[in-house]
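J.: Kindly generate the corresponding structure for this input.
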Amino acid sequence: MALVPETGSGVPGADAYAARATVLAYWVNRPHSAFAATVAAADVNDMDGAIREATDYLDAEFGQYYRGVRAGRVQGKLWPRTNALDDAGFPLTGLPQELVDATCELAGRAVSATLADDEARGGLIKRLKAGSVEIEYADGAQAGTVYGIVSKMLVPILDGSQGGKPQWIWR
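T.: Residues are numbered from 1 along each chain as shown. Here you go, the predicted structure:
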């Protein structure tokens, strides 16, 4: 099925915050990264799937913290939004570049690995020992991967109410 990128106008059925060409261009400009080679080698179907996964991950992980309110009911994704202002008071109209860049960043990772794996027993590992290697997480430690660069990219479009997350991620 063809990728349906959001353009910033509230496209019904949109399933991506970035077009394939946008993701490819993003990674061409970062040839030093191993993700650039992975993206370049991906076939069309894998790339489109990775873009969809990245978009869905952003909405699931950060959607409740996006500034403003969803612009319409029939749009495919949580952006575009209305009443969304950045810290300086400028409107966040259409599709913010921060969201497009975060989609590109995560799509590079999603080509070769799932962004949000299922966690066995909720990921609350108390102790894991294999030979001399031992892992024990602190009580209440967050399970899963934190994509620090993505969290930092999104700061201008998030509302700052992300409780329970390390402060360096948000402001």
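J.: Give the residue spans of this protein that score low on pLDDT.
T.: By pLDDT under 70, the weakly predicted segments of the chain are 118-130, 134-145, 163-171.
J.: Tell me where it has helices.
T.: Secondary structure of the chain (DSSP state H): helices at 20-28, 34-41, 44-62, 97-110, 148-154, 167-170.
J.: packing partners for the longest one?
T.: The one in question is helix 44-62. helix 20-28, helix 97-110, helix 148-154 (3 or more Cβ pairs under 8 Å, 6 or more residues apart in numbering; DSSP states H and E). Where C-beta positions appear, they are placed from N, C-alpha and C, glycine not excepted.
J.: of all the ones you listed, which lies closest to Pro91?
T.: Distance to Pro91, taken as Cβ to Cβ, is lowest for helix 97-110 among the helices and strands packed on helix 44-62, at 13.7 Å.
J.: helices or strands up against the closest one?
T.: Using 3+ Cβ pairs under 8 Å, 6+ apart, helix 97-110 sits against helix 20-28, helix 34-41, helix 44-62, helix 148-154.
J.: Give me the residues contacting it.
T.: Here helix 97-110 makes contact (Cβ atoms under 8 Å, 6 or more residues apart in numbering) with 16-18, 22-23, 26-27, 33, 35-36, 38-39, 47, 49-51, 53-55, 57-58, 79, 115, 147, 149-150, 153-157.
J.: List the buried residues for it?
T.: 98-110 (16 or more other Cβ atoms under 10 Å).
J.: With just CA atoms, put that helix into CSV.
T.: Written as CSV, here are the backbone C-alpha positions of helix 97-110 (Å, rounded to 0.1, in the frame of the first residue of the first chain):
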residue,chain,number,x,y,z
GLN,A,97,9.9,20.6,10.9
GLU,A,98,10.8,19.2,14.3
LEU,A,99,8.2,16.4,13.8
VAL,A,100,9.4,15.7,10.2
ASP,A,101,13.0,15.4,11.4
ALA,A,102,12.0,13.2,14.4
THR,A,103,10.2,10.9,11.9
CYS,A,104,13.2,10.7,9.7
GLU,A,105,15.5,10.0,12.7
LEU,A,106,13.3,7.2,14.0
ALA,A,107,12.6,5.7,10.5
GLY,A,108,16.4,5.2,10.2
ARG,A,109,16.2,3.0,13.3
ALA,A,110,13.0,1.3,12.4
